[in-house]
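# return a 3D structure for these sequence lines:
(2 chains)
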Protein chains: 2
Amino acid sequence: MEKLRKYMSARDEDQFYHQGAVELLVFNFLLILTILTIWLFKNHRFRFLHETGGAMVYGLVMGLIIQYATTPTNFESGTVYTCEKLKFGPPTVLVNITNQIYEYQYKRQINQHNVNAHQGNAMLQKMIFDPSIFFNVLLPPIIFHAGYSLKKRHFFRNLGSILTYAFLGTAISCIVIGLIMYGFVKAMIHVGQLKGGDFHFTDCLFFGSLMSATDPVTVLAIFHELHVDTDLYTLLFGESVLNDAVAIVLTYSISVYSPKENPNTFDAAAFFQSVWNFLGIFAGSFAMGSSYAVVTALISFIHLTKFTKLCEFPMLETGLFFLLSWSAFLSAEAAGLTGIVAVLFCGVTQAHYTYNNLSPDSKMRTKQLFEFMNFLAENVIFCYMGLALFTFQNHIFNALFIFGAFVAIFIARACNIYPLSFILNLGRKQKIPRNFQHMMMFSGLRGAIAFALAIRDTESQPKQMMFTTTLLIVFFTVWVFGGGTTAMLTWLQIRVGIDPDEDLKAETASQRATTADKNTTKAESAWLFRIWYGFDHKYLKPILTHAGPPLTTTLPEWCNPIAKLLTSPKAYGEPLKDDDMDCIVNHDELTINYEAPNPVPVPAQARIDSPQTPGKENIHEGDLGLGGCELHLEHTPAQTQLNSLA
Amino acid sequence: MEKLRKYMSARDEDQFYHQGAVELLVFNFLLILTILTIWLFKNHRFRFLHETGGAMVYGLVMGLIIQYATTPTNFESGTVYTCEKLKFGPPTVLVNITNQIYEYQYKRQINQHNVNAHQGNAMLQKMIFDPSIFFNVLLPPIIFHAGYSLKKRHFFRNLGSILTYAFLGTAISCIVIGLIMYGFVKAMIHVGQLKGGDFHFTDCLFFGSLMSATDPVTVLAIFHELHVDTDLYTLLFGESVLNDAVAIVLTYSISVYSPKENPNTFDAAAFFQSVWNFLGIFAGSFAMGSSYAVVTALISFIHLTKFTKLCEFPMLETGLFFLLSWSAFLSAEAAGLTGIVAVLFCGVTQAHYTYNNLSPDSKMRTKQLFEFMNFLAENVIFCYMGLALFTFQNHIFNALFIFGAFVAIFIARACNIYPLSFILNLGRKQKIPRNFQHMMMFSGLRGAIAFALAIRDTESQPKQMMFTTTLLIVFFTVWVFGGGTTAMLTWLQIRVGIDPDEDLKAETASQRATTADKNTTKAESAWLFRIWYGFDHKYLKPILTHAGPPLTTTLPEWCNPIAKLLTSPKAYGEPLKDDDMDCIVNHDELTINYEAPNPVPVPAQARIDSPQTPGKENIHEGDLGLGGCELHLEHTPAQTQLNSLA
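As a prediction, this is how the structure comes out:
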């Protein structure tokens, strides 16, 4: 008997152990299938299905198989045991079952009405992995990668517009969706599909905020492949990256917004508390993320006497880069801030400063590492979304709510893009044309972030309804809008096949012709940016990287001793090369000041310092702008003066 | 009240959530410290502390801090609840605590006598992560990397010796340690430190097998840095890699060995069952691992008409490579085999076949990816070992047992190296000199595998005693032997600073002089290997890679249609290049047949097809042999004939 039990429990443990392997194997298998399918599609130049869409299809099929083809192994898991001795759930519970002590670990708190859903298929239960995995494991590399590859040539030129779309646009979108959904909820209560009091206005706003995170990964991949107009690409990419950060913090702020009395009435104090929360968390996360990146930049920049620089050891350098970036995420989480936002700004800052200090080997290693992690994580998430449609046990499909949500996201997207574009066009010298606006409207896909925000809490019935609806919206937008991108581009007559270098050359030429009358317009539209650029170029870059003029020339004379200490010896000896100068400077300033030493823009690939062979996939969004035109600038004192005047 | 509880539980969950972040942050912090320290040490050329040793020191310090500086937060976790309704532990338990239902997840079964250890520090409990993480997450990349970088020039030359040390040597080591420990256990029972019946002979053998896994990572790093004699390096590296696989399967076989009656008596049936188990699991894992690699090779080799090859899409290629290699591990686990062994042979096969088919970009990506994962995983494990000394709650320090273990591992290592070297020297033309034998004896460090095997089961008291002892042995060997490597090399007068190319040139020259009388000796020592080489070169390589002669020339004439189908078009057109030809062919065969077209061995870096700049860290054990001398061979029909005669 003793032996039998021992054997049983060993077998039992084995089963647990192996089921973990089987589970992962299922995911591996799905991803392998996805990769092979995409390979096939790439061969036939089918552009209507991106790898993420493919991953979703396979996930869906696998979910169907697991749901209907595996036999439910009914443990006695639906039963609830009552424990009167405890006051709240401890982290571990020891249970004595037939004289054998088992340790149980706290997993989560569940609602009464979800208990019966826990009965059933063990395989299924295993496939539903912990929602926090999305936030702690899968999203950080995706978001970091987005930040790390944000340093594109056209990004800084469009910074104002991008920030407007990301902050103001997301707020508009959140409120509009919230209001429309509140109308639908009222209608549902009226029809009797919903009990009053279950679904507050804050819940609607919560749904609005999570639905405001757009993720046009499919569209961007096609844009990249077809070489769509770079400004459009940058606007869309920049908006989608920053808007994730805004949506995440917004969702958090709304979820902690709790008016003291009736949650339906407006409470000014609680509202301002929420706004304050939003600002505090956003600023805190920003500071946390960028300070880790600054530390990384400083470490990789240090050049003590007798010390080999860290870049002599690419493995240590890459390791440090990876660990510090991850620490930015973890510290923010540990401090009660938002890790995702921290890791995003950490990525942006790493690309802006640290990247310049890395050895060529580490540049490539970090780039490829995060690209690879992004690729895997993205496909796992989309694969899981497909799985979740059939394996998640508490779906609540409500036709009216789903219909309402579809209506709401379209109206909200329209209220975001068209009015803001109109306002922006008042200030922009290069207007956002009508067809770009339509394309941005069309590119309001929902993806990983919306899903991760929705799955975070699926305990109450409103949240379950939201989760189901989010899932359907993701499916619909990724497949229909993602698949229709090429058709839409043709229909809107948007230029494709643009060589970014050609683009720049043409613009530079046209700007040279009209330099005289532009000097005034520009100062209006970009004055904030010019201040930042001047500060960054003159002080931050020289302190944190080898780029920029020596500090001795930019700081006032009495600062000379400090300046000498902080300036890299390289800054004096070597010709200065500012990797992202081309992202930052205004084009006619560039024409006036910097063109003489290097008048013809040499094709980028010829001077790229990454030693890769120029393959098809080399220039893409992960390229950190190096695939663009890299201008070698010779700083003369005259230029520096001009700069400081700007 | 309702609100308070809600708040409490939210806070509670928050705490859980954030503690996960804090925990990881501690590890990140330790790893960052380790990297910075190693950087410092590398600058001062201190070779007595490798990064793994450093990670252990920091882990130790952090363990001390956590143990003594954090306050114990005593939940009621020591209490055992009795549940009479259940017969065995279900995967999840729902507990109703003050009308709130909590879900608890099965963690493990624990012994009665360990219950009180669960009382105490919550931070501490969190830091002790699941032992299965070692086997499922941290070890696979390390082992795969070892396999993937095994394809060294000198490896195949020493294959016979390496296999002898790995298989026969590990068996000897296991039995010798088992016997000595059994003596000490008897002594302990005699002294009264141990109850009779607790510690069987099988337990001693179990300890012997887990202690037989050597891990001279520290020594190998120094060897690499100092360019120690390549034969010595290869012998040691090859032994340590294969011996891990043997030790893991051996440990498993011993742990399932259960004589029916008295476990102390010898049961022939059960013994043969165990041997059969060992062989079955080893062969099965080998087959599983290599077949996944063969699938990868075939996929990356496919060249259908109208199809772009997979290597046009490096990201897809790398993704597929990674996922299929991981699937080898998971499939083996799911099938009840040993994943680690499967992943090792998968790595070896991937390096031997698939690597040749990859695009240059993917070659580098895969190499760097696994190198990086290996670096991180290794340091995490050693860091955790340091932590475990103070944070593990069930240590049993028994001076006699520990002393016995130290004596046993030295005697066992001696019984492994010296007799086997003597026997091997009878057959080897290039003898293993006395000082190499001493160095191999000295390099019997214990590391990650021994630790992972020991921590897998720490429930019973003998197992806890073993775990504590293993930990101490790892500390001692890594610090003392690892730190003393440089001194030992000097003392044993082993040549350092050898340029592998020079080495080869010199040998080739000396062999050319004595070609005539060698032809007979070689046939004796390497006949098995020659058969394998001929088969591999003529059939497997052409089928799986672009290397080797076209199949049409090697297969009999009636196979021509199949041969044409299977042969890559490249094999006819391009000059054939067999990346690891230099690993495999006998040197004088090489001198006779292949020297004419390319008489002077050009320095490897000049022709290396990896586009990296030749940095300090480029040539190392992860270099897949490309850092060595790569000979471009022109196959003529005459050569092929000569080959087939060999």
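
# does chain B sit close to the strand or helix carrying A:Phe476?
Assigned by DSSP states H and E, A:Phe476 belongs to helix A:461-476. No. Helix A:461-476 lies apart from chain B when judged by Cβ under 8 Å from any Cβ of the partner chain; the minimum separation is 14.3 Å. From N, CA and C alone the C-beta is placed, and that goes for glycine too.

# equivalent analysis for stretch A:438-454, please.
No. Applying Cβ under 8 Å from any Cβ, one finds stretch A:438-454 separated from chain B by no less than 14.4 Å.

# kindly check the end-to-end length of that stretch for me.
Stretch A:438-454 has an end-to-end distance of 28 Å (Cα to Cα, to the nearest Å).

# let me know the average pLDDT across that stretch.
Across stretch A:438-454, pLDDT averages out at 90.

# and it, what's buried?
A:438-440, A:442-454 (16 or more other Cβ atoms under 10 Å in any protein chain shown).

# tell me which element A:Ile432 is part of?
Using DSSP H and E, A:Ile432 sits within no helix or strand.

# leaving out chain neighbours, which residue sits closest to it?
The shortest distance from A:Ile432 to any non-neighbouring residue, by Cβ to Cβ, 6 or more residues apart in numbering or on different chains, is to A:Ser421 (5.0 Å).

# against which helices or strands is the helix or strand that that neighbour is a member of packed?
A:Ser421 belongs to helix A:399-427 when elements are defined using DSSP H and E. Contacts defined by 3 or more Cβ pairs under 8 Å, 6 or more residues apart in numbering or on different chains; DSSP states H and E place helix A:399-427 against helix A:159-163, helix A:170-191, helix A:201-211, helix A:434-442, helix A:461-476.

# in that helix, what's buried?
By neighbour count on 16+ other Cβ under 10 Å, the buried set for helix A:399-427 is A:401-402, A:404-405, A:408-409, A:412-413, A:415-417, A:420-421, A:424-425.

# all strands of chain A, in order?
In chain A, the segments counted as strands under DSSP state E are A:80-82, A:92-97, A:100-110.

# the ones you listed: lowest mean pLDDT?
Among these, strand A:80-82 carries the lowest mean pLDDT (a mean of 64).

# give me the pLDDT value at whichever residue of the stretch 201-350 of chain A sits closest to chain B.
Nearest to chain B in the stretch 201-350 of chain A, going by Cβ to the nearest Cβ, is A:Glu333, at a distance of 3.9 Å. On pLDDT, A:Glu333 comes in at 88.

# I'd assumed A:Ile340 was in contact with it.
No. If you go by Cβ atoms under 8 Å, A:Glu333 and A:Ile340 don't touch, sitting 9.1 Å apart.

# mind listing the helices for the stretch 151-300 of chain A?
Ranges of helices within the stretch 151-300 of chain A are A:159-163, A:170-191, A:201-211, A:217-226, A:230-256, A:268-301, based on DSSP state H, counting those that start in this stretch.

# quick check: which of those is buried the most?
helix A:201-211 (a mean of 26; mean count of other Cβ atoms under 10 Å in any protein chain shown).

# which strands and helices sit next to that helix?
When contacts are defined as 3+ Cβ pairs under 8 Å, 6+ apart, helix A:201-211 packs onto helix A:170-191, helix A:230-256, helix A:399-427, helix A:448-455, helix A:461-476.

# quick check: the gap between A:Gly212 and A:His395.
Quick fix: residue A:212 is Ser, not Gly. Applying Cβ to Cβ, to the nearest Å, the value for A:Ser212 to A:His395 is 23 Å.

# what about A:Ile340, neighbour count?
25 (other Cβ atoms under 10 Å in any protein chain shown).

# I'd guessed it sits against A:Ile143; true?
Yes. When contacts are counted by Cβ under 8 Å, A:Ile340 is listed as touching A:Ile143 (5.3 Å).

# so what's in contact with these two at the same time?
A:Asp244 (Cβ atoms under 8 Å, 6 or more residues apart in numbering or on different chains).

# can you pull the contacts of A:Gly284?
If you count contacts by Cβ under 8 Å, 6+ apart, A:Gly284 has them with A:Ala332, A:Ala335, A:Leu337.

# so who does the closest residue to the first one other than its chain neighbours touch?
What it means is A:Ala332. Residue nearest to A:Ala332 in three dimensions, not counting chain neighbours: A:Ala342, with 3.6 Å by Cβ to Cβ, 6+ apart. Neighbouring residues of A:Ala342 by Cβ under 8 Å, 6+ apart: A:Ser285, A:Phe286, A:Met288, A:Gly289, A:Tyr292, A:Ala328, A:Phe329, A:Ser331, A:Ala332.

# what's the local residue count around A:Ala377?
When counting by other Cβ under 10 Å, one arrives at 20 neighbours for A:Ala377.

# please disregard the earlier target; I meant A:Ala487.
Around A:Ala487 there are 11 residues (other Cβ under 10 Å).

# kindly provide the distance from it to chain B.
24 Å (Cβ to the nearest Cβ, to the nearest Å).

# before we move on, back to that, which of the contacts of A:Ala342 sits closest to B:Ser173?
A:Phe329 (43.9 Å; Cβ to Cβ).

# so the closest one touches A:Val341, yeah?
No. With contacts counted by Cβ under 8 Å, A:Phe329 stays clear of A:Val341, the gap being 9.6 Å.

# have a look at the two and say which one is more surrounded.
A:Phe329 (32 against 28).

# so that one versus B:His44, what's the distance?
For A:Phe329, the distance to B:His44 - Cβ to Cβ - is 33 Å.

# got the angle between the helix holding A:Ser421 and helix A:170-191?
150 degrees (axes from the mean of the first three to the mean of the last three Cα atoms, to 10 degrees).

# of the contacts of A:Gly284, buried ones?
Buried among the contacts of A:Gly284 by 16+ other Cβ under 10 Å: A:Ala332, A:Ala335, A:Leu337.

# residues in contact with A:Leu540?
A:Tyr353.

# would you mark the buried spots in stretch A:431-440?
In stretch A:431-440, counting by 16+ other Cβ under 10 Å, buried: A:Ile432, A:Pro433, A:Asn435, A:Phe436, A:Gln437, A:His438, A:Met439, A:Met440.

# now do it: everything it contacts.
Identification of contacts with stretch A:431-440 by Cβ under 8 Å, 6+ apart yields A:161, A:229, A:231-232, A:235-236, A:239, A:417-418, A:421, A:424-425, A:488-489, A:492-494.

# please redo it, this time with the cut-off set to 10 Å
A:158, A:161, A:165, A:169, A:214, A:216, A:219, A:223, A:228-229, A:231-232, A:235-236, A:239, A:413-414, A:416-418, A:420-422, A:424-425, A:485, A:488-489, A:491-495 (Cβ atoms under 10 Å, 6 or more residues apart in numbering or on different chains).

# what do A:Glu333 and A:Ile340 both touch?
A:Phe135, A:Asn136, A:Pro140, A:Ser285.

# ok, of the residues you listed, which one's closest to B:Ile531?
Nearest member of the shared contacts of A:Glu333 and A:Ile340 to B:Ile531, counting by Cβ to Cβ, is A:Pro140, at 51.4 Å.

# ok, back up a step: need the contacts of A:Gly284 in JSON lines with distance to B:Val191, can you?
Converted to JSON lines, the contacts of A:Gly284 look like this (distance: Cβ to Cβ, whole Å):
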{"residue": "A:Ala332", "distance to B:Val191": "56"}
{"residue": "A:Ala335", "distance to B:Val191": "54"}
{"residue": "A:Leu337", "distance to B:Val191": "58"}
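
# so which of the residues you listed comes closest to A:Lys367?
Nearest to A:Lys367 among these: A:Ala332, at 23.5 Å, using Cβ to Cβ.
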